[in-house]
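Visitor: pasting the structure only:
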């Protein structure tokens, strides 16, 4: 009986081995794992299911995806800058070797001199390429530090600038072709249209229109005055309230500038869409500061000309504040140099920082005032 039991176990083991060896795991053309049996039939291997915790950890928000993409683009730009620098070093080395050889009368030839002239042009082009790549990297790296909305606006402007550069370079390369086309037109019609890059709306898109609210003589002072219409300066919604304020902002600030008797003024209208907002913010006090931080790092401080306790909206669901800040000539010069990054507004209860998404607000307003 014991011998029969051993024989039975041995037989089962052999059968099991044959069954296992009669099937093979392969990859089908769709990239799926399948088990192929000895008779030619097959079945798909079940995929391993991820745990709920593991799946949830891979879900990223739009803001997180944007930040990762910004870092990836900046990393590529950094590598492009490094490669451009290596090419510049190679071009410079070749130019130096030819320059050294030309100083030796025993080896110098006209052909070598021609190669030397070409090498100087190549080095110059390589240096321009490196500076351009390095500038791209710096701009893209700075965007990784921005907030989601500001990064979107800055990246769109950067892409527009790159597209303008591409079109300009394309026009330069096609100059010879354009010359031939002009000659053909001249023969056929006797007239030639002279292309002007400044007239090309693709290279120089039209600027935002200037909306002037008032321009003339002030009936009180008797002096000339120019006021621009308000436009969006910034909006702000605290993080805990973003789900509540989905269709509108908690705080909306409109700004405009005025010019009178050579003095510049910034006018702000701040609407807070919340009941009893004055309990939390208080009022805007005369002499209180508005601190402006530009993208180039410069800080400008403006002083409020009058106090305002705010006026309730008609529906009593919010409150409106108005303030005016004088801007001295030195501050005007700084505002013309760079776009605005963020502002710090001082209320009677304390200060609060706000990011500016209309980066060219002051550049556009000043241009309209001085035209």
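Guide: It's in. Being a predicted model, the structure only gives us computed values, none of them experimental. Numbers count the residues shown, from 1 in each chain.

Visitor: What distance do you get for residue 338 to residue 217?
Guide: Remark: distance between residue 338 and residue 217 (CB to CB, to the nearest Å) = 34 Å. The C-beta positions use only the backbone N, C-alpha and C, and glycine is treated the same way.

Visitor: Could you do residue 104 as well?
Guide: Separation of residue 104 from residue 217 (CB to CB): 78 Å.

Visitor: Same check on residue 94?
Guide: For residue 94 relative to residue 217 (CB to CB), the value is 68 Å.

Visitor: More neighbours: which of those two?
Guide: residue 94 (16 against 10; other CB atoms under 10 Å).

Visitor: Quick check: next helix or strand after whichever strand or helix holds the more buried one?
Guide: For residue 94, the host element (DSSP states H and E) is helix 62-102. For helix 62-102, the succeeding helix or strand toward the C-terminus, using DSSP H and E, is helix 110-143.

Visitor: who does that following helix touch, helix- and strand-wise?
Guide: When contacts are defined as 3 or more CB pairs under 8 Å, 6 or more residues apart in numbering; DSSP states H and E, helix 110-143 sits against helix 62-102, helix 148-173.

Visitor: just how off-centre is it within its chain?
Guide: Centroid displacement of helix 110-143 relative to its chain, using CA atoms, centre = their mean, to the nearest Å, is 25 Å.

Visitor: what's the helix holding residue 94 packed up against?
Guide: Using 3+ CB pairs under 8 Å, 6+ apart, helix 62-102 sits against helix 110-143, helix 148-173.

Visitor: Now do it and helix 110-143, the angle between them.
Guide: 160 degrees (axes from the mean of the first three to the mean of the last three CA atoms, to 10 degrees).

Visitor: related to what we said a few turns ago, any chance of the helices and strands packed on helix 110-143 in TSV, with distance to residue 360 and mean pLDDT too?
Guide: Formatted as TSV, these follow (distance: least, CB to CB, whole Å; pLDDT from 0 to 100):
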stretch	distance to residue 360	mean pLDDT
helix 62-102	21	89
helix 148-173	9	79
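
Visitor: wait, which of those is closest to residue 347?
Guide: In terms of CB to CB, the element of the helices and strands packed on helix 110-143 nearest to residue 347 is helix 148-173, at 23.1 Å.

Visitor: What are the buried residues along that closest one?
Guide: Residues of helix 148-173 classed as buried: 150-151, 153-155 (neighbour count, 16 or more other CB atoms under 10 Å).

Visitor: Dump those to a markdown table, plus distance to residue 294.
Guide: Converted to a markdown table, the buried residues of helix 148-173 look like this (distance: CB to CB, whole Å):
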| residue | distance to residue 294 |
| --- | --- |
| 150 | 14 |
| 151 | 17 |
| 153 | 15 |
| 154 | 14 |
| 155 | 19 |
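
Visitor: on that earlier part again, tabulate the helices and strands packed on helix 62-102 (JSON lines), appending distance to residue 259.
Guide: Converted to JSON lines, those look like this (distance: least, CB to CB, whole Å):
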{"stretch": "helix 110-143", "distance to residue 259": "32"}
{"stretch": "helix 148-173", "distance to residue 259": "27"}
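
Visitor: can you tell which of the ones you listed is closest to residue 361?
Guide: helix 148-173 (11.7 Å).

Visitor: all helices of the stretch 201-350 of the chain, in order?
Guide: Here the stretch 201-350 of the chain has its helices, by DSSP state H, counting those that start in this stretch, at 277-281, 329-335.

Visitor: Output the helices and strands packed on helix 110-143 as CSV; include the columns distance to residue 361.
Guide: Shown next, in CSV, are the helices and strands packed on helix 110-143 (distance: least, CB to CB, whole Å):
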stretch, distance to residue 361
helix 62-102, 23
helix 148-173, 12
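
Visitor: Among the ones you listed, which comes closest to residue 307?
Guide: The closest of those to residue 307 is helix 148-173. By CB to CB, the value is 31.4 Å.

Visitor: Check which helices and strands that closest one sits against.
Guide: Looks like helix 148-173 contacts helix 62-102, helix 110-143 (3+ CB pairs under 8 Å, 6+ apart).

Visitor: could you redo those helices as TSV and give each row distance to residue 313?
Guide: Output for those, formatted as TSV (distance: least, CB to CB, whole Å):
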stretch	distance to residue 313
helix 62-102	31
helix 110-143	37
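
Visitor: ok, the residue nearest to residue 67 when sequence neighbours are not counted - contacts?
Guide: Of all residues not flanking residue 67 in the chain, residue 144 sits nearest, at 7.1 Å (CB to CB, 6 or more residues apart in numbering). Neighbouring residues of residue 144 by CB atoms under 8 Å, 6 or more residues apart in numbering: 67, 70-71, 74, 151.

Visitor: how near is residue 144 to residue 154?
Guide: From residue 144 to residue 154 the distance is 11 Å (CB to CB).

Visitor: Test my guess that residue 334 contacts residue 298.
Guide: Yes - assessed by CB atoms under 8 Å, residue 334 is found in contact with residue 298 at 5.2 Å.

Visitor: and of the helices and strands packed on helix 62-102, who's closest to residue 86?
Guide: Closest approach to residue 86 among the helices and strands packed on helix 62-102 (CB to CB): helix 110-143, 9.1 Å.
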